[in-house]
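In: Need a 3D model of the sequence below.
(one chain, ligands or ions: 1)
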Amino acid sequence: MSERLLVLVRHGQSEWNLKNLFTGWKDPDLTDLGVTEAKNAGRKLKGQGFVFDVAFTSTLIRAEHTLDLVLKELGQTGIPIRKDQALNERDYGDLSGLNKDEARKKWGDEQVLIWRRSYDVPPPGGESLKDTLARTLPYFVQEILPCVLRGECTLVAAHGNSLRALVMVLEKLSPEQILARELATGAPVIYRLNADATVASKLDLAA
Ligand SMILES: O=C(O)[C@@H](CO)OP(=O)(O)O
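Out: Here you go, the predicted model:
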């Protein structure tokens, strides 16, 4: 039985990350730095000897572009790629397109932190992390996990919050613990799973 390997990677810096705007389901591309971060992620995974069998991404350009760059760097562009909205970023609702510093001035640091990092408080008109989890988890369980458990080396390129939702489940984090958990742009996190889908080991290539 080959290993059960799952790699999660957040997209590289996007144009709206650079401008400090709430992004959610808006669709900006990567910045030059984001392109470099994505290529570096590919280089790091190549250094670890990864040969992927399948890759998953969202339907947003920053994640798709990151995946393309990672696979090009690995020389593995021919593998099956599955794109699904279930992996899209958390919908930021009415905050989408607003500047994060302006929002703090308007609503206060604490309220903005609650909208950005709490588990179950949605931003106005948008999704909480719990709502995001409610769509990412079924997709993960039905589509991604079976590949990993079959021994297919699996890569997922997605977003800060859609991946935080999956990290919460994989690492069995509480709502308090997930509040403090950040995923760096372009930093792969490698999970080796047991047959029962629990995590046997984790390696964060950002560290
Ligand atoms: O704007 C967004 O969609 C996300 C990710 O960049 O922001 P946050 O850091 O608030 O989760």
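In: which bits of the chain sit near the ligand?
Out: Residues of the chain lying close to the ligand (CB under 6 Å from any ligand atom) are 17, 22, 23, 24, 89, 92, 116, 160, 161. Heads up, the C-betas are built off the backbone N, CA and C, glycines and all.
In: need the contact list for the last one.
Out: Residue 161 is in contact with 89, 90, 129, 132, counting by CB atoms under 8 Å, 6 or more residues apart in numbering.
In: element containing it, please.
Out: helix 160-170 (DSSP states H and E).
In: Residue 156: which of the contacts of residue 161 is nearest?
Out: residue 89 (13.4 Å; CB to CB).
In: where's residue 70 relative to residue 44, distance?
Out: 9 Å (CB to CB, to the nearest Å).
In: Double-check that residue 56 belongs to a helix.
Out: No. Remark: residue 56 does not belong to a helix; assigned using DSSP: H, G, I helix; E, B strand; the rest coil, it is strand.
In: circling back to that earlier point, rounded mean pLDDT for the helix holding residue 161, please.
Out: Regarding helix 160-170, the rounded mean pLDDT is 97.
In: Next secondary structure after that helix?
Out: As assigned by DSSP H and E, the chain's next helix or strand after helix 160-170 is helix 175-179.
In: Show me what that next one is packed up against.
Out: helix 160-170 (3 or more CB pairs under 8 Å, 6 or more residues apart in numbering; DSSP states H and E).
In: What residues of the helix or strand encompassing residue 16 count as buried?
Out: Using DSSP H and E, residue 16 maps to helix 15-19. Neighbour-count burial for helix 15-19 flags 16, 17 (criterion: 16 or more other CB atoms under 10 Å).
In: any idea which of the residues of the chain next to the ligand has the most stuff around it?
Out: Counting neighbours by other CB atoms under 10 Å, residue 89 comes out on top of the residues of the chain next to the ligand with 27 neighbours.
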